[in-house]
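Q: let's see this in three dimensions:
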Amino acid sequence: GRKRVLFLFVLPSCSLAVPFAKMTNTKGYRRGTRYMFSKKFKTNGPEHLSTYMKIYKTGDIVDIKGNGAIQKGMPHKIYHGKTGRVFNVTRRAVGVVVNKRVKGRILAKKINLRVEHIFQSRCREDFLKRVKANDEKKRQAKKEGKRVQLKRMPVQPRTQHFVRTKRNEPEVVEPIPYEFVA
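A: Here you go, the predicted model:
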């Protein structure tokens, strides 16, 4: 039969082995924030004065969102998108307590941020609206001498009913045959 010949190419130890080495991740403070801290389309330019005119009080619930245009008093990327409670207010900055998950536990972290990087949170809006509505319902029920259900109830299933086909012809659902249009 035929003899098989094996050719072995040995490359000298030079820079040819370098392209196959894997690159490591960068270790920077703002690593992976290319889109996180970028300004949205058509929102460039100087910061609006209304940002600085907002009043924050101790106990307010605020959302943290890093503004890439202002580097001073910026939160670390870990806190971007988190919600916390104000514990301290100074001239230009606000102290916020935020929960941070570290391995298996949740730690309350105190961070100082400039006002450009925080917004009043809307997380309690629905709750406060419901409290007002419930108070009004209570007042009405007391006036009429009735009891009222204030707890939120899930949407119940529809009650049983007959489906009549007298003026409601059944519709046949089937795929439409493919037609090639030249």
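Q: which stretches of the chain form strands?
A: All strands of the chain, identified by DSSP state E, fall at 61-64, 83-89, 93-102, 105-114, 118-120.
Q: need these in CSV with distance to residue 159, mean neighbour count and mean pLDDT, can you?
A: Just so you know, the C-beta spots here come from the backbone N, C-alpha and C atoms, and that holds for glycine as well. Compiled in CSV, these are given as follows (distance: least, C-beta to C-beta, whole Å; neighbours: other C-beta atoms under 10 Å; pLDDT from 0 to 100):
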stretch, distance to residue 159, mean neighbour count, mean pLDDT
strand 61-64, 41, 19, 98
strand 83-89, 41, 17, 98
strand 93-102, 44, 16, 97
strand 105-114, 45, 14, 97
strand 118-120, 43, 18, 96
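Q: show me what contacts the most centrally placed residue in the chain?
A: With distances taken as C-alpha atoms, centre = their mean, residue 81 lies nearest the centre of the chain, 5.9 Å away. The contact partners of residue 81, taken as C-beta atoms under 8 Å, 6 or more residues apart in numbering, are 63, 64, 65.
Q: thought the first one was touching residue 83?
A: Yes: with contact defined as C-beta atoms under 8 Å, residue 63 and residue 83 form a contacting pair (5.3 Å).
Q: coming back round to it: and which of the contacts of residue 81 is nearest to residue 148?
A: residue 63 (34.2 Å; C-beta to C-beta).
Q: for that closest one, which residues make a bridge with it?
A: residue 83, residue 119 (DSSP bridges).
Q: so where is this protein shaky, pLDDT-wise?
A: 1, 3-20 (pLDDT under 70).
Q: would you map the helices across this structure?
A: 50-53, 125-144 (DSSP state H).
Q: so residue 138 sits against residue 150, correct?
A: Yes: counting by C-beta under 8 Å, residue 138 touches residue 150, with 7.2 Å between them.
Q: contact partners for residue 44?
A: Neighbours of residue 44 in contact, by C-beta under 8 Å, 6+ apart: residue 69.
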